[in-house]
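> Need coordinates for the below:
(2 chains)
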Amino acid sequence: METQDYIDGVLAKNRRIVAKTITLIESSLSAHQEKAKTIVDALLPHAGKAVRIGITGVPGVGKSTYIESFGLQLVAQGHRVAVLAVDPSSSKSGGSIMGDKTRMEKLSLEQQAFIRPSPSGGTLGGVARRTRETIIVCEAAGFDVIIVETVGVGQSETTVASMVDFFLVLMLAGAGDELQGIKKGVLELADAIAINKADGNNIENAKKARIEYKKALNLLTPSSKNWSPPVLTCSAVTMDGIDEIWQTILDHRKKTEAAGELAEKRSQQALEWMWALVEEGLIDRFYKNAEIKNSLPKIIEAVKKGETGPTVAAHQLLFLNDQSGSQSG
Amino acid sequence: MQIKQRIKRFIKREGRRPRILVSNMGRKSHGQDTHLLASLLAETGFDVDISPLHQTPRGTARMAIENDVHLICFLCAEDNHKKLVTDLVKVLKAENAENVGIIIGGDIPPSDYDFLYGAGVDHILNSASIDSQAINRLLDLFG
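Just a heads-up that it's a prediction; the model follows:
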């Protein structure tokens, strides 16, 4: 397929071509990446209108089940929903198991939904490396709610928070050590916390946990002047509280939009995107540099044996990088 | 060549790992077996998608297209594997996705092999499990 076929296919909302474009974006081949850049560039003017939501939580909190209920409700209201899920790859084999859809039985069959799990991969930049581009593609394909799902255990939250408008953290009640279960850093990113599985015997516990989290959030300085993150309860099984969360997201949008904060956030995110690409490009150039490729095994060996100190070795490598950089420039 | 090296070579050529959808088609599904199969494939270095239970051929094809997998693998627990395969091939073709490979396993009588290969199956696993020989067969499909 030619570049233009991808662009036309995405704009025509062709499911297969949207999927193929995401594959191209995630590819590690530079030829694919070049093509992907041109496509994303052409799609950019058609993107930007969706509500972008990040959802995180520790494994077992019920993210996928929550997204199934939440997504089905949005589809019923006439929205087109794209779910992008980042699944951790095994550091040993490099392979991954992407089972999110096993818990999104109905949403995965909805005509107005698109669910794409992606392996976090062992490649440069790691987690969610390409999710920004994928968001653009989905928006250009007419999806007006984008949900980015991550596992709440790594550094991926910060990356995901830097590409969405609203960051929702799902929690569980009843474990007793709620606050230790998740890093403080993740709470700081939250635009709302929702205590999931607030059903049956768990309702009382959820209410108690809600008070605890409210106290915890009060101790943090809010990152926005126009919004203080609420703590909600919900159940993906009984559907209680699911609509309340969507109303909260809309309310957040209204307030931040009116205050100019949303526009400011998006332009800040554009800058972060640029820097992320610059960093990635620098690392890529470093490893592709012929001089460095030549010397790297020797330098690594010397550091291993203790003949060269790590600081000296780092300087040597950066010097090689500078030198060839000034030659070609 | 070792499987690890073959996968490495695949990534270098394709820009990503071989991606396979392990699907649960039909009313009676091999729930446990598909999870075991998925784990074995992931440990070998595949990116593995798992479908919800009780998928139809249409649902499986859609998921294969949306996740852009190279292969679909499903285990048969009932006697309807011929129909499932024929339907799956038909839907994939209708969606311009006939290049997605099809692997089936489970309780398949050898007398059905010819029919299944003729209908578009690329490989038949002779048990619900998978060994290195079978993995090599799958990698052979990519040339």
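> What ranges does the chain have for its strands?
Chain wasn't specified; assuming chain A. Using DSSP state E, the strands found in chain A span residues A:51-56, A:81-87, A:96-98, A:113-119, A:145-149, A:166-172, A:192-196, A:231-233.
> Let me rephrase: I mean chain B.
Counting by DSSP E, the strands of chain B are B:19-23, B:47-50, B:71-76, B:101-106, B:123-124.
> Based on its surroundings, how many neighbours for residue A:31?
A count of neighbours around residue A:31, defined by other C-beta atoms under 10 Å in any protein chain shown, yields 10. All C-beta atoms are positioned from the backbone trio N, CA, C, and that covers glycine.
> Now tabulate the strands of chain A in TSV and tack on distance to residue A:20, mean pLDDT and mean neighbour count.
Written out in TSV, the entries for the strands of chain A read as follows (distance: least, C-beta to C-beta, whole Å; pLDDT from 0 to 100; neighbours: other C-beta atoms under 10 Å in any protein chain shown):
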stretch	distance to residue A:20	mean pLDDT	mean neighbour count
strand A:51-56	22	95	24
strand A:81-87	15	92	25
strand A:96-98	18	90	24
strand A:113-119	11	94	24
strand A:145-149	19	95	25
strand A:166-172	29	92	24
strand A:192-196	34	93	25
strand A:231-233	38	95	22
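> for those strands, which one sits closest to residue B:93?
The stretch from these with the least distance to residue B:93 (C-beta to C-beta) is strand A:113-119; that distance is 21.6 Å.
> close to chain B, is the closest one?
Yes - under the criterion of C-beta under 8 Å from any C-beta of the partner chain, strand A:113-119 makes contact with chain B via A:114-117, A:119.
> Does anything pack onto that strand? Which helices or strands?
With contacts taken as 3 or more C-beta pairs under 8 Å, 6 or more residues apart in numbering or on different chains; DSSP states H and E, strand A:113-119 sits against helix A:15-26, strand A:81-87, strand A:96-98, helix A:131-140, helix B:57-66.
> got the contact list for the second one?
Judged by C-beta atoms under 8 Å, 6 or more residues apart in numbering or on different chains, the contacts made with strand A:81-87 from elsewhere in the structure are A:64, A:67, A:71, A:74-75, A:96-100, A:104, A:107, A:110, A:112-120, A:127-128, A:131, A:134-135, A:138, A:141, A:143, A:145-151, A:156, A:160.
> give me the number of residues near the closest residue to chain A within chain B?
Proximity to chain A, evaluated over chain B using C-beta to the nearest C-beta, is greatest for residue B:15 at 3.2 Å. Residue B:15 has 17 neighbouring residues, counting by other C-beta under 10 Å.
> Nearest spatial neighbour of it, chain-adjacent residues omitted?
Excluding the flanking residues, the one nearest residue B:15 by C-beta to C-beta, 6 or more residues apart in numbering or on different chains is residue A:27, at 3.2 Å.
> Pretty sure the one you found sits against residue A:37.
No - with contacts counted by C-beta atoms under 8 Å, residue A:27 stays clear of residue A:37, the gap being 11.6 Å.
> For the two, indicate the residue with more neighbours.
It is residue A:27, of residue A:27 and residue A:37, that has more neighbours when counted by other C-beta under 10 Å, with 19 against 15.
> which secondary element of chain A has the worst mean pLDDT?
Taking mean pLDDT, DSSP states H and E as the measure, the helix or strand of chain A with the lowest value is helix A:178-181, at a mean of 54.
> what does chain A put close to chain B?
Within chain A, the positions lying close to chain B (C-beta under 8 Å from any C-beta) are A:15-16, A:19-20, A:22-23, A:26-29, A:32, A:89-90, A:92-99, A:101-105, A:108-109, A:114-117, A:119.
> Pick out the residue of chain A closest to chain B.
residue A:27 (3.2 Å).
> mind listing what that residue touches?
For residue A:27, the contact set (C-beta under 8 Å, 6+ apart) comprises A:33, A:36, B:14-16.
> What separation do you get for residue A:104 and residue A:267?
In this structure, residue A:104 and residue A:267 are 33 Å apart, going by C-beta to C-beta, to the nearest Å.
> what do you get for residue A:312?
Between residue A:312 and residue A:267 the computed distance is 41 Å (C-beta to C-beta).
> One more: residue B:74?
On the measure of C-beta to C-beta, residue B:74 and residue A:267 end up 47 Å apart.
> repeat for residue B:13
When residue B:13 is compared with residue A:267 (using C-beta to C-beta), they lie 39 Å apart.
> Residue B:74 and residue A:267: which has the busier surroundings?
When residue B:74 and residue A:267 are compared on other C-beta under 10 Å, the one with more neighbours turns out to be residue B:74, at 28 against 10.
> What sits closest to the more buried one if chain neighbours are left out?
residue B:23 (4.3 Å).
> quick one, what contacts residue A:63?
Applying C-beta under 8 Å, 6+ apart, one finds that residue A:63 lies in contact with A:55-57, A:149, A:151, A:170.
> can you give me the helices for the chain?
The chain I'm using is chain A. Ranges of helices in chain A, per DSSP state H, are A:3-11, A:15-26, A:30-43, A:63-76, A:131-140, A:156-161, A:178-181, A:184-189, A:203-219, A:242-258, A:261-288, A:290-305, A:310-328.
> Let me rephrase: I mean chain B.
Under DSSP H, chain B gives helices at B:3-14, B:31-44, B:57-66, B:81-94, B:113-119, B:132-140.
> Among those helices, which comes closest to residue A:205?
For residue A:205, the closest of the helices of chain B is helix B:31-44, at 30.6 Å, according to C-beta to C-beta.
> Identify the residues contacting that closest one?
A:90, A:92-93, A:95-97, A:99, B:3, B:7, B:20, B:22-24, B:48, B:50, B:53, B:73-75, B:105-106, B:128-130, B:135.
> Equivalent analysis for stretch A:89-100, please.
By C-beta under 8 Å, 6+ apart, the residues outside stretch A:89-100 that reach it are A:64, A:67, A:83, A:85, A:87-88, A:115, A:117-122, A:149, B:7, B:17, B:38-39, B:41-50, B:67.
> Give the buried residues for it.
If you call a residue buried by 16 or more other C-beta atoms under 10 Å in any protein chain shown, then stretch A:89-100 has these buried ones: A:89, A:93-100.
> now do stretch B:86-97
For stretch B:86-97, the buried set under the neighbour-count rule, 16+ other C-beta under 10 Å, comprises B:87-92, B:95, B:97.
> With pLDDT and distance to chain A added, can I get these in JSON lines?
Supplementary listing: the buried residues of stretch B:86-97 in JSON lines, determined by pLDDT from 0 to 100; distance: C-beta to the nearest C-beta, whole Å:
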{"residue": "B:87", "pLDDT": "96", "distance to chain A": "16"}
{"residue": "B:88", "pLDDT": "96", "distance to chain A": "16"}
{"residue": "B:89", "pLDDT": "96", "distance to chain A": "16"}
{"residue": "B:90", "pLDDT": "96", "distance to chain A": "16"}
{"residue": "B:91", "pLDDT": "96", "distance to chain A": "12"}
{"residue": "B:92", "pLDDT": "96", "distance to chain A": "10"}
{"residue": "B:95", "pLDDT": "93", "distance to chain A": "6"}
{"residue": "B:97", "pLDDT": "94", "distance to chain A": "6"}
